[in-house]
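Participant: give me the fold of what follows.
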Amino acid sequence: MANQQPAPADFVTAPATTRTLDLVPARSCRGHGSCTCQEEPARPATERTRRRPEGQWALGDRTPLNANERFKLEDDGLNVRARIETHYSKHGFASIDPDDLGGRLRWWGLYTQRRPGIDGGRTGTLAPQELNDEYFMLRVRVDGGRLTTAQLRTIGEVSRDFARDSADITDRQNIQLHWIRIEDVPEIWRRLESVGLTTAQACGDTTRVFLGSPVAGISGDEIVDGTWAIEEIHRRWIGDPEFSNLPRKFKTAISGSPRQDVAHEINDVSFIGVRHSELGPGFDVWVGGGLSTNPMLAQRLGVFATLEEVPDIWAGVVALFRDHGHRRLRGRARMKFLVADWGIEKFRQVLEQDYLRRPLTDGPAPPPPTGDRDHVGVHRQRDGRYYVGAAPLVGRSLGSTLVALADLAEAHGSRSVRTTPHQKLLLLDVPETEVGALVDGVEALGLRVRPSTFRRGTMACTGIEFCKLAIVETKARAAALVDELERRLPSFDQPLTLNVNGCPNSCARIQIADIGLKGQLVLDAKGRQVEGFQVHLGGAVGRDARFGRKLRGHKVTADELPDYVERVVRRFGAARRDGERFADWVARADENDLR
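Facilitator: Okay, here's the model as predicted:
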């Protein structure tokens, strides 16, 4: 499967009036991706200058420097689809080539899931093949969170027919299904693609799903609708080998909402709505955000982008990352490390000179965000109709529930659904006369339009139930925690985010939550090793964005969680000043009040 690699691609600038970007033929370097590594801590600048080469293509180092780079050199992950359709689906799990199984299948949204019965203490000691079950998680890509009711129904039907009725709404607006057999994948693709959905590049070292404002195009306070840019980027580059071999995964967010509702602070590149004094509405550009074991907040590039410029600037940033990103060590292969090494001024200079070949327009910073980011509740649209935002419990649903929700929406005049970056669901375009009946129907399905603070603010990753990286259980535990907190603190009504993660990789964004819980094994009062959590307190995005505070040596067993969270929340309620957020209270609180 080896291919000869052409020289690195360059951007060729078209006449300035066209604002288009042409690419020379795509590379044929081949790949598979993995998110299983721990990131390497950042090093002081003096150490960085002495470090050996990082495997950056732009510096001429094309030698595969780790197993993942070898896979990507041998065959592009996009090519695995043909093998799934013609061979693996016909001959079963045992026929899958190891390089495809552990890597390239991810380019089409497929991850092997965890074999049942393996406890968290063995997560880091077993070889990947020992952790593998013969079933897959399948991630359906939902760019911008935009779905029709027909698409939602199809996902639900696929879940019901092929995935044991599983359906998780992720904090990247995707929907994930479990218990997928390789034999069923071609039929699943046929059904999804018949309604315009895809799983292409939902995982792997690629440009993954594009986050977008769930209320793009309908909100009365919107600065600019970014939908066209999301669709144009998808049309031009998803499925294109030009960007199918990046050093690691690449995350994008585009929102013109003044609520800044796409967690732009933790994406590789983000475009956030802003008004330029002369050029009108457009986007402020941010780069270099990411969490995991070495979290970094994105930085402003200082650039104003019109809607028409967004796809070209996006492609320039991705190509820069492709060529200059670190490939020697997986733990340093995210773009945040490149931005940290270079600094924002050099990043912008290289982007302008080598990729876009034109200067970019300086622009203003966006004002502080307004309103809630999750869009839960009943809200008036700018056309006089309404959208209804509902909270599934910790993002978990059933395929049959999605089918019923699609039917319910259509019965009350809606044909549009949105997923959110906060594991929520929105039904759009509801006539005023239908709102009450729709809300009652949504609530009857187990979704909450007026949820408690705890149901609204709690997110959880997949956890040990399916994830091979997890150390502890998350979904069921977080759901039980919500139920218990609702019982103990029924009148608590202040905003609070409570994020539960099964390992250090922070898929549930523990560092930017009011209460972030990182799963690990801890010792209980009797000295026994049990499931528990390291606690992060006071993380925040938006105004005064910061990572949560960690208390030295402070860990909580899973059984102690309800008591601990209740204790801290009660102390906040008693001590908070007028208008004070939980994160601000944590910043000034005595450490003893946080234990």
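
Participant: so where's the stretch 51-200 of the chain uncertain?
Facilitator: 51 (pLDDT under 70).

Participant: what's in contact with stretch 221-230?
Facilitator: By Cβ atoms under 8 Å, 6 or more residues apart in numbering, the residues outside stretch 221-230 that reach it are 143-144, 146, 210, 212-213, 215-217, 254-258, 271, 273-275, 281-283, 307, 310-311, 314, 370-371, 382. Every C-beta, even on glycine, is put in place using the N, C-alpha and C of the backbone.

Participant: filter those down to the buried ones, ChimeraX style.
Facilitator: Buried residues among the contacts of stretch 221-230 (16 or more other Cβ atoms under 10 Å), as a ChimeraX selection:
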select :143,144,146,210,212,213,215,216,217,254,255,256,257,258,271,273,274,275,282,283,307,310,311,314
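
Participant: restricted to helices, list the contacts of stretch 221-230.
Facilitator: Val310, Pro311, Trp314 (DSSP state H).

Participant: can you pull the contacts of the first one?
Facilitator: What it means is Val310. Contacts of Val310 (Cβ under 8 Å, 6+ apart): Gly226, Ala229, Glu232, Ile233, Ile254, Phe271, Phe283.

Participant: separation between it and Asp578?
Facilitator: 40 Å (Cβ to Cβ, to the nearest Å).

Participant: swap in the last one?
Facilitator: Using Cβ to Cβ, Trp314 is found at 42 Å from Asp578.

Participant: likewise for the second one?
Facilitator: Using Cβ to Cβ, Pro311 is found at 45 Å from Asp578.

Participant: same list, the ones in helices among the contacts of stretch 221-230, but as a markdown table with distance to Gly156 and pLDDT please.
Facilitator: Formatted as a markdown table, the ones in helices among the contacts of stretch 221-230 follow (distance: Cβ to Cβ, whole Å; pLDDT from 0 to 100):
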| residue | distance to Gly156 | pLDDT |
| --- | --- | --- |
| Val310 | 32 | 98 |
| Pro311 | 32 | 98 |
| Trp314 | 32 | 98 |
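
Participant: how many neighbours does Gly77 have?
Facilitator: 28 (other Cβ atoms under 10 Å).

Participant: from the contacts of Val310, which land in strands?
Facilitator: Per DSSP state E, strands hold the following members of those: Ile254, Phe271, Phe283.

Participant: is it true that the first one touches Phe210?
Facilitator: Yes. At 6.2 Å, Ile254 counts as touching Phe210 under the criterion of Cβ atoms under 8 Å.

Participant: what touches both of these two?
Facilitator: Gly144, Ile230.

Participant: out of the ones in strands among the contacts of Val310, who's nearest Leu402?
Facilitator: Taking Cβ to Cβ as the measure, Leu402 lies nearest Ile254 of those, at 25.1 Å.

Participant: got a pLDDT number for the residue nearest to the closest one when sequence neighbours are not counted?
Facilitator: Take Ile254 and drop its neighbours on the chain: the residue closest to it by Cβ to Cβ, 6 or more residues apart in numbering is Gly226, 4.1 Å away. If you check Gly226, the pLDDT there is 98.

Participant: look up how far Pro241 lies from Arg327.
Facilitator: Distance from Arg327 to Pro241, by Cβ to Cβ: 17 Å.

Participant: ok, now Phe582?
Facilitator: Taken as Cβ to Cβ, the span from Phe582 to Pro241 is 46 Å.

Participant: between the two, point out the one with more neighbours.
Facilitator: Per other Cβ under 10 Å, whichever of Phe582 and Pro241 has more neighbours is Phe582, with 26 against 18.

Participant: which residue packs closest to the more buried one, ignoring adjacent ones?
Facilitator: Nearest to Phe582 is Asp514, by Cβ to Cβ, 6+ apart, at 4.3 Å.

Participant: same check on Thr148?
Facilitator: Arg415 (6.0 Å).

Participant: so what secondary structure elements neighbour the helix or strand harbouring Val569?
Facilitator: Per DSSP states H and E: Val569 is located in helix 561-575. With contacts taken as 3 or more Cβ pairs under 8 Å, 6 or more residues apart in numbering; DSSP states H and E, helix 561-575 sits against helix 475-488, strand 515-523, strand 529-537, helix 582-588.

Participant: need these in a markdown table with mean pLDDT, can you?
Facilitator: Output for the helices and strands packed on helix 561-575, formatted as a markdown table (pLDDT from 0 to 100):
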| stretch | mean pLDDT |
| --- | --- |
| helix 475-488 | 98 |
| strand 515-523 | 96 |
| strand 529-537 | 96 |
| helix 582-588 | 96 |
